[in-house]
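Chemist: what would the 3D arrangement of this be:
(one chain, ligands or ions: 1)
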Amino acid sequence: MNLKLHYNVASTYSQKALLAFFEKGVPFTPVVVNLQDPAGRAEYKKLYPMGKIPLLTGDGIFIPESSIIIEYLENEFPDSGTKLIPDDKTAARRVRFKDRVTDLYLNDPVASIFFDGLKPPEARNPEAVAKARETIDLTYAYMEQALAQNPAAGGADFNMSDCAAFAPLFYAQRLHPFQDHANIVAYFGRLMARPSVQKLMLELLPALERFNTK
Ligand SMILES: N[C@@H](CCC(=O)N[C@@H](CS)C(=O)NCC(=O)O)C(=O)O
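Modeler: Residues are numbered from 1 along each chain as shown. This next block holds a predicted model:
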């Protein structure tokens, strides 16, 4: 099957899907989408009116939403690479819960801070940024405690929620640092050491350099 992943490497949710593909070792055709370019955005919205990346297409499939893409990969390629969603239903529910917490209460607020910082000072929304920081602090507290109970998280025990956590933590290093949370620091170190993350870095770092020098 020819799977096409529509994504941009700078996008956190795209990174989540990319990590899942790399962990599972499933081949795909990359289709780079540039939502910062009005023409690129308009063109992409013809394909997916919601205009969100990542999106997976292929023979008879059209799958938006990073977690749903990962569910699809796990269903179609259960024996390939890392198992990202456990077979055991209770363990799977716990992974899905961590995935939701990570997307909603870490990724989204980190993205709010990032995009607010790109705006001219008069267009910024300090109240929304303060609220985002409050949410991230609550998530850090939750993660710190959850990681204390599972020191193998992101290492020997790697799953969909770890694909979700890498990108927001990567950007949070600068936007809302977590160095006071020893377990998160150690967890991020385990994520950085994964071959899938190293492979992602090869594409991400040059893209970020281009972004910063524009
Ligand atoms: N819940 C979606 C979120 C996807 C999302 O928000 N992607 C961002 C990039 S990281 C996007 O496409 N933003 C474009 C926009 O909102 O206009 C998922 O998990 O895939």
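Chemist: close to the ligand: what parts of the chain are there?
Modeler: For the chain, the residues found near the ligand under the criterion CB under 6 Å from any ligand atom are 11, 12, 13, 35, 51, 52, 53, 54, 65, 66, 67, 103. For every residue, glycine as well, the C-beta is placed using N, CA and C.
Chemist: identify the farthest-apart pair in those.
Modeler: Checking the residues of the chain next to the ligand against each other with CB to CB, the farthest-apart pair comes out as 35 and 67, at 19.8 Å.
Chemist: more crowded one of those two?
Modeler: Ranked by neighbour count (other CB atoms under 10 Å), residue 35 and residue 67 place residue 67 first, with 21 against 15.
Chemist: got the domain boundaries for the chain?
Modeler: 4-83+198-213, 89-194 (automatic domain parsing).
Chemist: list the contacts of residue 124.
Modeler: Shown in contact with residue 124 (CB atoms under 8 Å, 6 or more residues apart in numbering): 116, 117.
Chemist: before we move on, back to that, format the domains of the chain as a markdown table; extra columns: mean pLDDT.
Modeler: Output for those, formatted as a markdown table (pLDDT from 0 to 100):
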| stretch | mean pLDDT |
| --- | --- |
| domain 4-83+198-213 | 96 |
| domain 89-194 | 98 |
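Chemist: distance of residue 160 from residue 134?
Modeler: Computed as CB to CB, to the nearest Å, the residue 160 to residue 134 distance reads 26 Å.
Chemist: of the two, give the one with the bigger neighbour count.
Modeler: Under the criterion of other CB under 10 Å, the comparison of residue 160 against residue 134 puts residue 160 first, with 28 against 11.
Chemist: list the contacts of the residue nearest to the more buried one when sequence neighbours are not counted.
Modeler: Take residue 160 and drop its neighbours on the chain: the residue closest to it by CB to CB, 6 or more residues apart in numbering is residue 84, 4.5 Å away. Going by CB under 8 Å, 6+ apart, residue 84 touches 20, 23, 24, 70, 73, 74, 95, 158, 159, 160, 163.
Chemist: which strand or helix spans residue 84?
Modeler: Secondary structure from DSSP states H and E places residue 84 outside every helix and strand.
Chemist: please apply the same query to residue 185.
Modeler: helix 182-192.
Chemist: in this structure, spot the helix with the most residues.
Modeler: With secondary structure taken from DSSP state H, the chain has its longest helix at helix 126-149.
Chemist: OK, contacts around the residue with the largest distance to the centre of the chain?
Modeler: Most distant from the centre of the chain: residue 122, at 29.7 Å, with distances by CA atoms, centre = their mean. Residues counted as contacts of residue 122 (CB under 8 Å, 6+ apart): none.
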